[in-house]
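starting from these lines, generate the structure:
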Amino acid sequence: MSWELASFALLFFALAAGFAWYERTHPSSKVLALVATLAALAALGRVAFAPLPNVKPTTDIVLLAGYALGGAPGFVVGAVAALASNVFFGQGPWTPWQMGAWGLVGILGAVLGAASGRRLGRVPLAIACLFAGLLFGAILDFSTWVAFSGEHTLAQYLAFSATSVWFNVAHAVGNLVFCLAFGPAFVRALLRFRERFTVRWEPLAPGALPAAALLAALVVAGAGGLARPRPAEAADAATARATAYLLSAQNGDGGFGNARGSASSSLPTAWAAMGLAATGRTPRHAAAWLARSAGGARDAGDIERTILGIAAAGGDPRRAGGVDLVGRLLRLRGADGSFARQVNLTAFGIFALRVAGRSRGDRTVRAAASFIARQQNRDGGFDFARRGGASGIDDTAAALQALVAAG
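Numbers count the residues shown, from 1 in each chain. As a prediction, this is how the structure comes out:
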């Protein structure tokens, strides 16, 4: 009994810590909706394939959610999927173990995404899903051993594992097949959603600086720094009120949160710095805050945004808290000249390199522009990823600005 109580206590605290971790990220309503949809899809996938013993796409969905969205969302997708699907299969002492196991799969997916820059192909992703199925089975075998074994010996655990080995193999092989079938397309869709919900577009008041002008201001300067409009050009009342709001929303540590009074985060801090730079303001200590958090910028989008934010705040992205963000970004450049093989991330890579001092004639800038040009669709537009997708206004606008910035 002591084994069972101790294991359930540890499991309870692990689940509580996982949900608290997600809550502390202050997810937006868009993130909440996406995570809820993925959890429902994972639960539905388990129910739909119930006639096939232990063959289900749930593990794939959870791992790929973590891979594309991060650890906290991946954990919640897995844990909620287990709880929701057991409304159909029946709740019991196995439920928290399933929640913890699938939550762990979501976290491991996030680790895999961070380590690979989310650039894994179809086969490596499928192999990862296969091993995730084996790990899930081992954890469930352990839970059975803890809850229903009398002596808790290694021999008994191996006996439990032997009885379930074919179910675990079926689970793992099913994961492999499911991921080969839909894994890359599923990841591309999630990454597209991720790119969409990391930016909030607001209607512009008359006289406010257009977004295109802001990006142009960020990229027209070379090593000489950012080109900024005179404050008098942003004297419109609505612009002045927005500027005052941003300045009042800055936290004491120099960063900005998702809303006034919320904890500082790299995403709003970078965008606030760029917004204020468009009015000729330099937010005090914002560059230092971004520099302190620069070590956590690993994928291309995070690095590019942090470079732009630091440059807008008057800092040097090459010396960001001991991190050379420009060098880190360059190491992510693909052989085809792209960043993460996506048009939009390659466009922002050009913006980041230009504000960091790279000229239009720089080989990296030119190679990135050539990649973008090769992805143009027949209708003249661009998809966020590669040639052949549906052209989008925002993706085409970003590509156009990048091509202009590259000369």
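
low pLDDT regions in the stretch 201-350 of the chain?
201-236 (pLDDT under 70).

centre of the chain to stretch 136-146, how far?
30 Å (CA atoms, centre = their mean, to the nearest Å).

residues in contact with that stretch?
3-4, 7, 59, 93-94, 97-98, 100-102, 104-105, 152, 156-157, 160-161, 164, 167-168, 171-172 (CB atoms under 8 Å, 6 or more residues apart in numbering). For the C-beta atoms, the positions are set from N, CA and C on the backbone; glycine is no exception.

over to stretch 171-190?
49, 52, 54-57, 59-61, 64-65, 67-69, 118, 121-123, 125-134, 136-137, 385.

keeping just the C-alphas, turn it into PDB.
Listed next in PDB are the C-alpha coordinates belonging to stretch 171-190 (Å, rounded to 0.1, in the frame of the first residue of the first chain):
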ATOM      1  CA  HIS A 171       0.700   0.800 -30.200                       C
ATOM      2  CA  ALA A 172       4.300   1.700 -31.300                       C
ATOM      3  CA  VAL A 173       3.900   0.400 -34.900                       C
ATOM      4  CA  GLY A 174       0.500   2.100 -35.200                       C
ATOM      5  CA  ASN A 175       2.200   5.400 -34.100                       C
ATOM      6  CA  LEU A 176       4.800   4.800 -36.800                       C
ATOM      7  CA  VAL A 177       2.200   4.300 -39.500                       C
ATOM      8  CA  PHE A 178       0.000   7.200 -38.400                       C
ATOM      9  CA  CYS A 179       3.000   9.600 -38.400                       C
ATOM     10  CA  LEU A 180       4.200   8.500 -41.800                       C
ATOM     11  CA  ALA A 181       0.700   9.200 -43.100                       C
ATOM     12  CA  PHE A 182      -0.100  12.600 -41.600                       C
ATOM     13  CA  GLY A 183       2.800  13.700 -39.400                       C
ATOM     14  CA  PRO A 184       4.600  16.400 -41.500                       C
ATOM     15  CA  ALA A 185       1.300  17.900 -42.800                       C
ATOM     16  CA  PHE A 186       0.000  18.000 -39.200                       C
ATOM     17  CA  VAL A 187       3.200  19.800 -38.000                       C
ATOM     18  CA  ARG A 188       3.000  22.300 -40.900                       C
ATOM     19  CA  ALA A 189      -0.600  23.100 -39.900                       C
ATOM     20  CA  LEU A 190       0.400  23.600 -36.300                       C
END
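
mind checking how far that stretch is from the chain centre?
With CA atoms, centre = their mean, you get 18 Å for stretch 171-190.

quick one: buried residues of that stretch?
171-172, 174-176, 178-180, 182-184, 186-188, 190 (16 or more other CB atoms under 10 Å).

please apply the same query to stretch 391-407.
391-392, 395-406.

do stretch 86-96 as well
For stretch 86-96, by 16+ other CB under 10 Å, it's 86, 94, 95, 96.

picking up where we left off before, let's have the buried residues of stretch 391-407 in a markdown table, adding pLDDT and distance to residue 30.
As requested, those are exported to a markdown table (pLDDT from 0 to 100; distance: CB to CB, whole Å):
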| residue | pLDDT | distance to residue 30 |
| --- | --- | --- |
| 391 | 82 | 23 |
| 392 | 81 | 17 |
| 395 | 81 | 18 |
| 396 | 87 | 22 |
| 397 | 85 | 21 |
| 398 | 83 | 19 |
| 399 | 85 | 24 |
| 400 | 87 | 26 |
| 401 | 84 | 24 |
| 402 | 86 | 25 |
| 403 | 88 | 29 |
| 404 | 84 | 30 |
| 405 | 82 | 29 |
| 406 | 83 | 31 |
